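Novice: Next one to model:
(3 chains)
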Amino acid sequence: MVRLAPDGRELDRRVVGTAELAVHVAERQQAEPGARWVWHDTARRYPAMLDAGVRVGRCHDLRLCHAILSTSSSVARAADLRAATQWDAVAAPEGPTGDALFTLADDPAARSGPPEGIDEALAEFARQRAAIAGAADPRRLEILCAAESAGALIAAELRHAGLPWDAAVHEDILIAELGRRPAAGGLPARVAELAAAVRAQLRDPQANLDSPAKLLRSLHRIDIPARTTAKWELRDFDHPVIELLLEYKRLHRLLTANGWAWLAEWVHDGRFRPVYIPAGVVTGRWAASGGGALQIPRQLREAMRADSGWRLVVADVAQLEPRVLAAMARDLALAESARGHDLYAGIVERGAVAERHEAKVAMLGAMYGATTGDSGRLVPRLRRTYPRAMELVDAAARAGENGEQVSTWLGRTSPPASAGWRARQASAAGEGASAADRDRARRAAGDRGRFTRNFVVQGTAAEWALAWLGEVRARLARLDPVPTAEAAPRSGAAFARVPHLAFFLHDELIVHTPARHAEAVAEIVREAAQAAASLLFGDFPIDFPLDLHISRTGAKG
DNA sequence: GAAATGCGCGCG
DNA sequence: AAAGCGCGCGCATTTC
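Specialist: Numbers count the residues shown, from 1 in each chain, chains lettered A, B, ... in the order given. This next block holds a predicted model:
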């Protein structure tokens, strides 16, 4: 550990273990609340501090920032960073007994993580500072690295606090939908009944409903000529088995994905604690590992219950991506249509299309690269009405098709075209290329174009969301703790007495707060959205309206 | 018998 | 209505 003066001068250095580090950080946070901690990997250091009740205000995550800067097209000498060992490697998580559990030092060949020493960390930090300072627009990368690092803190904090989850409510839903939980092994009553009814209709008591290939053959035997067993295809066939089968699939899905096994594995002591992975997606979106945090069915949302005396403030952004697109492209016409709560209604008002639903599929089609169907047909209407916004995504698509890289608003850059992709394009352009070669190359180019088209919008939306999260976190930290008598101890040592973020998913966040702070928190969440807009887009006139509500109920029963 | 692949479906 | 982006998971099937 090394302490630096604001001018970068070294004040003192010591090698410390995790426990000692937590104590030291707690002391320094008191003395210098604005300090920014520089370390290799937040995911590795911060959870143990939180367990010790220590929160950190700001940090610079060398691993995540290395990943951004070493591949950003905004950085002039990114190769210097790439040459600097493996700073974006994920190190093994620190176990309860510290690094000793993962000692790899005696086997240098097995060591895949980054250098551990202070000098190496300082050198990497200096390289990253230089990379940012030398960029054409240093402010954007500065903001991106700060937001990414804040996100790393938040990801650890979200897991520490967890999302209040009432297992009894969840179980009530399961019983209502599926029937009683079977004693051992078997299917719940309603699922078993449906399976039997489907097999009766198929006139095959042994029919396998869970193997797509076998199910398809069973359907063919009763003259249903489906090509696949996907529900949007089955829905079009007029046969009594269809409704039963779709209901069976729905319940079977609920059972296997979010049934009793999921509850037992992921909900403990009234909290759902998924593992968040900042920048787990190349666009900068977060991924999740375990628990399926990205896919909790809406049906189960009722099981989210604030602790007694606490509230959940639930907020999501209405149509985040098209709003981000309007601001990036400086498209005043689209920004005007986006004013207020319903961007799609605004598009209809402007006369681009006749119906709200058309506005929605057209806009999604423009951002995803639809070429066929209703969506593909409607995109040209948007092109006429919002030429600046549409040119931005069209240009991103052309760049991708040409094998170029694209960047988000703040400077996160898409991956380069793979060697295989380049080889395919080159051989298709050569003399001996067959029609099939050219066709494959054209399809691959189209795929890549749709990816880069979406990358700039999805990635910038992720940046806006990170800024929003970071603003919310900073402002929540200024609210007063409640007395111990009103604490929510299950939210963990660091958050038992203060409002804290409890969930985040792309364009949605949830804060768990003492009831007395709920209105203040709601205001903070709204203000933070405008602050994020200003941070990224300055005074460009774009709204980011929220759907926001405060949960009425406390814990069940 | 483990690992990779395909399908289907939940989420944004 | 089920194409056009990004994910993770469970299950069945194929491959090593």
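Novice: so how far is DNA strand C from A:Ser72?
Specialist: Going from A:Ser72 to DNA strand C by Cβ to the nearest atom of the strand, to the nearest Å gives 18 Å. For glycine as for every other residue, the C-beta is placed from the backbone atoms N, C-alpha and C.
Novice: list the contacts for that residue?
Specialist: A:78, A:135, A:141, A:407, A:411-413 (Cβ atoms under 8 Å, 6 or more residues apart in numbering).
Novice: quick one: it from A:Arg412, how far?
Specialist: Distance, A:Ser72 to A:Arg412, by Cβ to Cβ, to the nearest Å: 7 Å.
Novice: Provide a list of residues in contact with the residue nearest the centre of chain A.
Specialist: Taking Cα atoms, centre = their mean as the criterion, A:Trp286 is the residue nearest the geometric centre of chain A, at 3.1 Å. By Cβ under 8 Å, 6+ apart, the contact list for A:Trp286 reads A:151, A:155, A:276-280, A:462, A:504, A:506.
Novice: ditto for A:Leu163
Specialist: A:271-273, A:304, A:502-503, A:510, A:512.
Novice: Those residues into CSV, with extra columns for pLDDT and neighbour count?
Specialist: Formatted as CSV, those follow (pLDDT from 0 to 100; neighbours: other Cβ atoms under 10 Å):
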residue, pLDDT, neighbour count
A:Arg271, 97, 20
A:Phe272, 96, 23
A:Arg273, 95, 20
A:Met304, 96, 22
A:Ala502, 97, 27
A:Phe503, 97, 23
A:Ile510, 97, 22
A:His512, 98, 27
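Novice: Tell me the one of those residues nearest A:Ile173?
Specialist: A:Met304 (12.0 Å; Cβ to Cβ).
Novice: wait, isn't the closest one in contact with A:Trp165?
Specialist: Yes - A:Met304 is in contact with A:Trp165 according to Cβ atoms under 8 Å; the separation is 6.2 Å.
Novice: what does the model give the closest residue to DNA strand C within chain A for pLDDT?
Specialist: Among the residues of chain A, A:Ala370 lies closest to DNA strand C, at 2.5 Å counting by Cβ to the nearest atom of the strand. As predicted, A:Ala370 sits at a pLDDT of 93.
Novice: Helix or strand for the nearest residue to it once chain neighbours are set aside, just tell me which one.
Specialist: The shortest distance from A:Ala370 to any non-neighbouring residue, by Cβ to Cβ, 6 or more residues apart in numbering, is to A:Gly376 (4.5 Å). Taking DSSP states H and E as the criterion, A:Gly376 maps to helix A:373-385.
Novice: what does chain A have sitting close to DNA strand B?
Specialist: Listed as neighbours of DNA strand B in chain A under the rule Cβ under 7 Å from any atom of the strand: A:212, A:216, A:228-232, A:249-250, A:253, A:257, A:294-299, A:316, A:458, A:505-508.
Novice: and DNA strand C, which of the residues you listed contact it?
Specialist: Okay, of the residues of chain A next to DNA strand B touching DNA strand C (Cβ under 7 Å from any atom of the strand), that's A:232, A:257, A:294-295, A:458.
Novice: Could I get these in TSV, plus columns for neighbour count?
Specialist: What follows is these, written out as TSV (neighbours: other Cβ atoms under 10 Å):
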residue	neighbour count
A:Trp232	7
A:Ala257	14
A:Leu294	14
A:Gln295	10
A:Gln458	22
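Novice: Return the member of those nearest to DNA strand B.
Specialist: For those, the nearest to DNA strand B is A:Gln295 (3.6 Å; Cβ to the nearest atom of the strand).
Novice: what ranges of the stretch 351-500 of chain A fall below the confidence cut-off?
Specialist: Regions of the stretch 351-500 of chain A meeting the criterion pLDDT under 70 are absent.
Novice: Please list all residues in contact with A:Val2.
Specialist: A:10-13, A:118, A:121-122.
Novice: change it to 7 Å
Specialist: Listed by Cβ atoms under 7 Å, 6 or more residues apart in numbering, the contact set of A:Val2 reads A:10, A:13, A:118, A:122.
Novice: repeat for A:Gly400
Specialist: Taking Cβ under 7 Å, 6+ apart as the test, what A:Gly400 contacts is A:406, A:448-449, A:451-453.
Novice: Spatially nearest residue to it (excluding sequence neighbours)?
Specialist: Nearest to A:Gly400 is A:Thr452, by Cβ to Cβ, 6+ apart, at 2.9 Å.
Novice: tell me the contacts of the one you found?
Specialist: Contacts of A:Thr452 (Cβ under 7 Å, 6+ apart): A:396-397, A:399-400, A:406, A:414.
Novice: What about A:Leu466, how many residues nearby?
Specialist: A total of 28 residues lie near A:Leu466 under the criterion other Cβ atoms under 10 Å.
Novice: That one in helix, strand or coil?
Specialist: helix (DSSP: H, G, I helix; E, B strand; the rest coil).
Novice: Repeat that for A:Thr283.
Specialist: coil.
Novice: Quick check: closest non-adjacent residue to it.
Specialist: A:Gly459 (4.0 Å).
Novice: residues near the one you found, how many?
Specialist: Count around A:Gly459 with other Cβ under 10 Å applied: 24.
Novice: How much space separates it from A:Ser72?
Specialist: Taken as Cβ to Cβ, the span from A:Gly459 to A:Ser72 is 12 Å.
Novice: for A:Ala389, same thing?
Specialist: With Cβ to Cβ as the criterion, A:Ala389 and A:Ser72 are 24 Å apart.
Novice: looking at it, A:Leu216 is touching A:Ala226, isn't it?
Specialist: Yes - distance between A:Leu216 and A:Ala226: 6.4 Å, which falls inside the contact criterion (Cβ atoms under 7 Å).
Novice: At which residues are the strands of the stretch 251-400 of chain A located?
Specialist: For the stretch 251-400 of chain A, applying DSSP state E, counting those that start in this stretch gives strands covering A:267-268, A:271-272, A:275-277, A:287-289, A:310-317.
Novice: hmm, the fourth one in reach of DNA strand C?
Specialist: The reference is to strand A:287-289. Yes - using Cβ under 7 Å from any atom of the strand, strand A:287-289 reaches DNA strand C at A:287-289.
Novice: Mind giving me the packing neighbours of that strand?
Specialist: Under the contact definition 3 or more Cβ pairs under 7 Å, 6 or more residues apart in numbering; DSSP states H and E, strand A:287-289 sits against strand A:275-277.
Novice: who's in contact with the spatially closest residue to A:Ile222 that is not a sequence neighbour?
Specialist: Nearest residue to A:Ile222 in three dimensions, chain neighbours excluded: A:Leu202, at 6.0 Å (Cβ to Cβ, 6+ apart). Going by Cβ under 7 Å, 6+ apart, A:Leu202 touches A:218, A:222, A:241.
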